[in-house]
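Peer 1: Please work out how this folds:
(one chain, ligands or ions: 2)
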Amino acid sequence: MKEAYNFEEIETRWQKVWEERQVFEVVEDPAKPKFYCLEMYPYPSGRIHMGHVRNYSIGDVIARFKKMRGFNVLHPIGWDALGLPAENAAIKHGIHPQKWTLDNINYMRSQLKRLGFSYAWSREVNSCLPEYYRWNQWIFLKMLEQGLAYRRLSWVNWCPQCRTVLANEQVVAGRCWRCDSEVSQKKMEQWSLRITAYAEELLSGHEKLANWPEHVLQMQKNWIGKSEGALVNFKVPAINKDIEVFTTRIDTIYGATFLVLSVEHPLTAELIAGHPEKEQLQTWIKKTIAETRARKEIKEEEKVGYDTGLKAINPFTGQPVPIFLANYVLMDYGTGAVMGVPAHDQRDYEFATKYNLPIVPVIKPASPEFEPESGRAFEEYGILINSGEFSGLSSVEAMEKMAALAQAKGFGRKSVTYRLRDWGISRQRYWGTPIPVIYCEKCGLQPVPYEQLPVEIPYKAEFTGEEGSPLEKIPEFVNTTCPRCGGPARRETDTMDTFVDSSWYFFRYCSPRETRLPFDPEKAAYWLPVDLYIGGVEHAILHLIYSRFFTKYLRDLGLTSIDEPFPHYLAQGMVTKDGSAMSKSRGNVVDPDEMIKTYGADALRIFILFASPPEKEFAWSEEGLEGCYRFILRIWNLAEENLDLFQEEATVGGQFDQASYQRLNKKLHQTIKKVTDDIEQRFHLNTAISALMELTNSLKKEKDALRASQKGRELLKEALSDLILLLGPFAPHLAEELWQKTGRTTLVAESSWPAYDPELAREELVTIVVQVNGKLRDKFEVEIDTDEEILKEKALSLPRIQELLGGRPPRKIICVKNKLVSLVV
Ligand SMILES: [Zn+2]
Ligand SMILES: [Zn+2]
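Peer 2: Residues are numbered from 1 along each chain as shown. Ligands and ions are numbered 1, 2, ... in the order given. Reported below is the predicted structural model:
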């Protein structure tokens, strides 16, 4: 009698076994190779969503696989538990943020356990507990001592809905990243972390990140925005001041016919002091500041400038040029002042045309055949003309020589600027890490002494939703004593951006209960860096820059020797349904709980991994999930029908079917190789699952023929056992259950990954011909059914083909599987 597949009972039973036997708890073991597998820790919003299920299923397969491959695997999880939604829940429903958060964590933890993830639960971290966030405060104090944390009055992004400041990284196209409200600007005192001190290293460190998606590196590069150029001072005789200009094209300076300053430039007030329309100008400046600060793209027709009436002296030509204020120059970039070279910059060209300013060409094309387009600026490098002693030089030579002259004469120098700004971390909210600083009227700003950490978030608070931080209204919190003079003092009421918490949590997992330091440096030295980091790409310029910055800082503190935390980052694709991302507002959310109830955790895990490769978008369909459930049933039935093989040594005297034997034996070894390579080399979990499906089908097909002979039965047993082991990372509950049914007392999770015989696993080879412009030029051999991408790569790497291409990329490449690669040049 076959037993029915009761996933609910099976899955919860094995989850208990893993937990009781502490199968996934680990300690440092220098004798074993380590593998640190990490998924981005979740915000406890209330429920696990499908994006989480996908992220954590990918990580779980890798972690379980690595363990079976003999690695000492650290696979932890925790909670990014501070932040605004908890406070909003308090305002809306009157639940204390702490209770809301902890209740959510409890529920979501049970959901993760129900999915059978192989987490080392004893290492769970929770950033809303003082035992965690005291170390945010400790790191902040270290930065304060070194001048890397500082307080200043500055323009900040203000979200009226969230009623708090946002970092530049949290403003997306002028809107709040969290609530999508339009962001306004305020001038406020606030705390910043000097991430710019690491700008160059954040950029050069990319060289170590070969295993990051190229587009993520590009986003970071753009965000850091390095430009190499020169600083040049233009004297303004009327006010006896200099205006410092940053330019990437000093070679065009003889063509600079005006200067343009940001309305926020510190000299603005002085420059317009004597202007006849001063008041009108001031009104316009105020309006412009508000507009440009909103970081909206300014359309062409909206570019407006005002002539200040004053002149600056171009230090190269000695000629006076007019000084303009304009709405398209940002104070954030360079020095907030640029030189206008209309002949060689399109934006300046349009400005000069609009305000009737002279256009003086100073660069001609290097190639005489090249005719620059008329009515436009010529922006390329070329040969200098009308440039005094520099005429005749190339742009590149001139840049060197002109910067050197400026330096020698004391009016300029070579310089590098970055677009990256310091990280504003002050938040005027309650549910965040209190910034550990005290203000004394007598002694000024005082850091909270280390031994007084943590400064705890006071439990009793009022959540009214009115302006100002709830912390400001708690006298017991605000009023304190000065650590220096003992007199009355006031506590800082700003809390930290919660991205501070997530900037170093992966260190904490190495020693989650450490009490002397943020983490035990020795343990961290064993586990770090993270060998594989998996998470959504939406964090490309937030979390993934901040955590690189923190790692470099912790290295400089001597707590770690690594300088890149995540050498390998796998950016997992989105989960969509009906063509768009799953979201509450679209009403297309599928609840994992319901799916687990109907199909079981194993079916859900397999489906979410099977439908597309990890880095691609994943389109939800319940039919697809049903298909995976049926696949599990097929394996279940196959095992049930053949369990007798494992029970008794029956003597059978049937015919040995050699052909069937060879077919299954080959398929088995090929499958082991394919699944191993797919997981280990490319994370193509989807094709690994297809290979398991194929093996299941082969087993079904060959089993009757093989059951007749002793030798055939041995192979069937072996193939079935290996199939169960290969299923271990994907459908761990099913695998454990079947393993036990075959009479084993060990666990699949603790077993070794099956090995294959390379000779048997070898695929058939096919010859691929390579054509260039229709002519046969070369050929090579590959395994049958090799991917087209790989065929393309191989063809392009052939010496003969490289020679024919002569360094030019082909215009078109056509690949036909098992046949040919055709290049058109
Ligand atoms: Zn907001
Ligand atoms: Zn004092």
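
Peer 1: Rounded mean pLDDT for the helix or strand hosting residue 260, please.
Peer 2: Remark: residue 260 resides in strand 258-262, with elements defined by DSSP states H and E. Strand 258-262 comes out with an average pLDDT of 96.

Peer 1: Show me what secondary structure element comes after that strand.
Peer 2: Next in sequence after strand 258-262, counting helices and strands by DSSP H and E, comes helix 268-272.

Peer 1: Restricting to C-alpha, output that next one in CSV.
Peer 2: Taking Å, rounded to 0.1, in the frame of the first residue of the first chain, the C-alpha atoms of helix 268-272 are listed here in CSV:
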residue,chain,number,x,y,z
THR,A,268,25.9,85.7,-4.2
ALA,A,269,24.9,88.3,-1.6
GLU,A,270,28.0,90.4,-2.2
LEU,A,271,27.8,90.1,-5.9
ILE,A,272,24.2,91.5,-6.1
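
Peer 1: now it: mean pLDDT?
Peer 2: Summarised as a single mean, pLDDT over helix 268-272 is 91.

Peer 1: Please apply the same query to stretch 213-223.
Peer 2: In this model, stretch 213-223 has a mean pLDDT of 94.

Peer 1: got the contact list for the nearest residue to residue 812 once chain neighbours are set aside?
Peer 2: Leaving aside its sequence neighbours, residue 812 sits nearest to residue 824 (Cβ to Cβ, 6 or more residues apart in numbering; 4.0 Å). For glycine as for every other residue, the C-beta is placed from the backbone atoms N, C-alpha and C. Taking Cβ atoms under 8 Å, 6 or more residues apart in numbering, we find residue 824 in contact with 773, 810, 811, 812, 813, 814.

Peer 1: strand partners of the strand holding residue 260, parallel vs antiparallel please.
Peer 2: With DSSP bridges as the test, strand 258-262 is paired with strand 320-326 (parallel), strand 337-340 (antiparallel).

Peer 1: so which of those comes closest to ligand 1?
Peer 2: strand 320-326 (30.2 Å; Cβ to the ion).

Peer 1: count of residues packed around residue 755?
Peer 2: Burial of residue 755 is recorded as 11 neighbouring residues (other Cβ atoms under 10 Å).

Peer 1: Oh, that last question was meant for residue 288, not what I typed.
Peer 2: Using other Cβ under 10 Å: residue 288 sits among 20 other residues.

Peer 1: looking only at pLDDT, what's the mean for the helix or strand harbouring it?
Peer 2: Using DSSP H and E, residue 288 sits within helix 278-293. Mean pLDDT, helix 278-293: 84.

Peer 1: Can you pull out the low-pLDDT segments for the chain?
Peer 2: By pLDDT under 70, the weakly predicted segments of the chain are 1-2, 293-301, 649-650.

Peer 1: At the contact with ligand 1, which residues of it appear?
Peer 2: 159, 161, 162, 176, 178, 179, 181 (Cβ under 5 Å from the ion).

Peer 1: cutoff 8 Å now
Peer 2: Neighbours of ligand 1 within the chain, by Cβ under 8 Å from the ion: 84, 159-162, 164, 166, 176-181, 183.

Peer 1: show me the contacts for the spatially closest residue to residue 717 that is not a sequence neighbour.
Peer 2: Leaving aside its chain neighbours, residue 717 sits nearest to residue 645 (5.1 Å; criterion: Cβ to Cβ, 6+ apart). Residue 645 sits next to 707, 713, 716, 717, 720 when contact means Cβ under 8 Å, 6+ apart.

Peer 1: on that earlier part again, of the residues of the chain next to ligand 1, select the buried ones using a ChimeraX command.
Peer 2: A single ChimeraX command selects the buried members of these (16 or more other Cβ atoms under 10 Å):
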select :84,159,162,164,166,176,177,178,183
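
Peer 1: Tell me the one of the residues of the chain next to ligand 1 nearest ligand 2?
Peer 2: Nearest to ligand 2 among the residues of the chain next to ligand 1: residue 164, at 29.1 Å, using Cβ to the ion.

Peer 1: on that earlier part again, residue 398 is nearest to which of the strands paired with strand 258-262?
Peer 2: Taking Cβ to Cβ, strand 337-340 is the member of these nearest to residue 398, at 15.1 Å.

Peer 1: List the contacts of that closest one.
Peer 2: 232, 234, 243-247, 253, 256-262, 265, 314, 321, 324, 329, 348, 351-352, 357.

Peer 1: Only the buried residues of stretch 161-175, if you could.
Peer 2: By 16+ other Cβ under 10 Å, the buried positions in stretch 161-175 come out as 162, 163, 164, 165, 166, 167, 168, 169, 170, 171, 175.

Peer 1: These in helices, which ones?
Peer 2: Of the positions in the buried residues of stretch 161-175, not one sits in helices, assigned by DSSP state H.

Peer 1: Indicate the residue of the stretch 651-800 of the chain located nearest to ligand 2.
Peer 2: residue 683 (56.8 Å).

Peer 1: need the contact list for that residue.
Peer 2: 58, 62, 570, 613, 614, 615.

Peer 1: same deal with residue 804?
Peer 2: Residue 804 neighbours (Cβ under 8 Å, 6+ apart): 772, 777, 825.

Peer 1: could you redo the last one with a cut-off of 10 Å?
Peer 2: Residue 804 sits next to 770, 772, 773, 775, 777, 778, 798, 810, 823, 825 when contact means Cβ atoms under 10 Å, 6 or more residues apart in numbering.

Peer 1: returning to what we had before: in strands, which of the buried residues of stretch 161-175 fall?
Peer 2: Using DSSP state E, the subset of the buried residues of stretch 161-175 located in strands is 164, 165, 166, 171, 175.

Peer 1: Surely the third one is in contact with residue 424?
Peer 2: Yes - assessed by Cβ atoms under 10 Å, residue 166 is found in contact with residue 424 at 8.1 Å.

Peer 1: tell me, what's touching those two both at once?
Peer 2: Residues touching both residue 166 and residue 424 (Cβ under 10 Å, 6+ apart): 156, 157, 497.

Peer 1: With that, I have no additional questions.
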